[in-house]
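Undergrad: When you get a sec, could you give me coordinates for this:
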Amino acid sequence: MGNVYVRDADDFRTADAKNLEDYVEQRRRKLAVIFPGIGYHTDKPLLYYSKKLASAFGYTIREVRYPKLPSGIKGNKDKMMEAFETASEYVTKQLSDVDFSLWADVLFISKSIGTAVAAAYALRHSIPARQIYYTPVEESFLAIGSEGIAFHGTADPWARTEVIEEECRKRGLPLYETAGANHSLETGNVQEDLKNLAEIMRRTEEYIRI
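TA: Below is the predicted model:
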């Protein structure tokens, strides 16, 4: 805690109380930053509900946006890297006003290419963020570390299940798979998708509340 200067002995009691109040308030400060996918915005189910969960647990919500990114990036590593670099540069500018050292708990919630942007941003800026990775693409693991949890659909055309499993295994990163689900963690069966979403949010809540 910083020093508080007082005029005389009678002020010490008030100064100590103020110090303690400021310290407790700082330790309560929690920030959640939402990193969307290219076409998967923060009003779509995974990010919409995880954002509401974070808010319910007292996190201040900050959402980032991307400029127009290259099309046709699926299966094209060059375009994928171009999109990643463009998005990363844009996010760095958007978050330039945030002093992450002032937040006691920083949570990054990301989707698709946003998982790469979130992981790389934390790494480049030495931010000890907790991470929730929804449907990471294979290239994301160039930056993803051992902190966080990941979700993957076994029918995701953007990421091979065996690659995601191996990369998570190497990092000791908990991986939750949804059988037959695509890149949005959906199967096409509405009732099944609602059940799966509830389970995904249950796992998400467990991680947020730690």
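Undergrad: Could you list the low-pLDDT ranges of the chain?
TA: When residues are selected by pLDDT under 70, those of the chain lie in 1-28.
Undergrad: Who's the closest spatial neighbour of Val106, skipping the chain neighbours?
TA: When the adjacent residues along the chain are set aside, Val106 lies closest to Ala129, with 4.4 Å between them (C-beta to C-beta, 6 or more residues apart in numbering). For every residue, glycine as well, the C-beta is placed using N, CA and C.
Undergrad: err, Pro128, not the other one
TA: In space, and not counting its chain neighbours, Pro128 is closest to Val106: 7.0 Å by C-beta to C-beta, 6+ apart.
Undergrad: what packs against the helix or strand harbouring the one you found?
TA: Secondary-structure element containing Val106, defined by DSSP states H and E: strand 105-111. Under the contact criterion of 3 or more C-beta pairs under 8 Å, 6 or more residues apart in numbering; DSSP states H and E, the helices and strands touching strand 105-111 comprise strand 30-35, helix 45-56, helix 113-124, strand 130-134.
Undergrad: Do a quick rundown of the helices in the chain.
TA: 12-28, 45-56, 77-94, 113-124, 161-171, 190-208 (DSSP state H).
Undergrad: Kindly reformat those as TSV containing distance to Gly37 and mean neighbour count.
TA: Converted to TSV, these look like this (distance: least, C-beta to C-beta, whole Å; neighbours: other C-beta atoms under 10 Å):
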stretch	distance to Gly37	mean neighbour count
helix 12-28	31	11
helix 45-56	9	18
helix 77-94	10	16
helix 113-124	5	24
helix 161-171	16	15
helix 190-208	15	15
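Undergrad: Mind checking those for the one nearest to Arg62?
TA: Each of the helices of the chain has some distance to Arg62 by C-beta to C-beta; the shortest is helix 77-94, at 8.6 Å.
Undergrad: buried residues in stretch 97-113?
TA: 103, 105-113 (16 or more other C-beta atoms under 10 Å).
Undergrad: how far is that stretch from where the chain is centred?
TA: 7 Å (C-alpha atoms, centre = their mean, to the nearest Å).
Undergrad: and the end-to-end length of it?
TA: Using C-alpha to C-alpha, to the nearest Å, the span of stretch 97-113 from its first residue to its last is 23 Å.
Undergrad: i'd like the first residue to be 105 from this point on
TA: Understood, numbering begins at 105; the last thing we discussed is stretch 201-217.
Undergrad: what's the closest non-adjacent residue to Trp207?
TA: Leu135 (4.4 Å).
Undergrad: Could you tell me how many residues sit around the one you found?
TA: For Leu135, the neighbour count with other C-beta atoms under 10 Å is 19.
Undergrad: Show the backbone phi and psi for the residue nearest to Val210.
TA: Main-chain torsions, Ala233, degrees, to the nearest 10: phi -80, psi 140.
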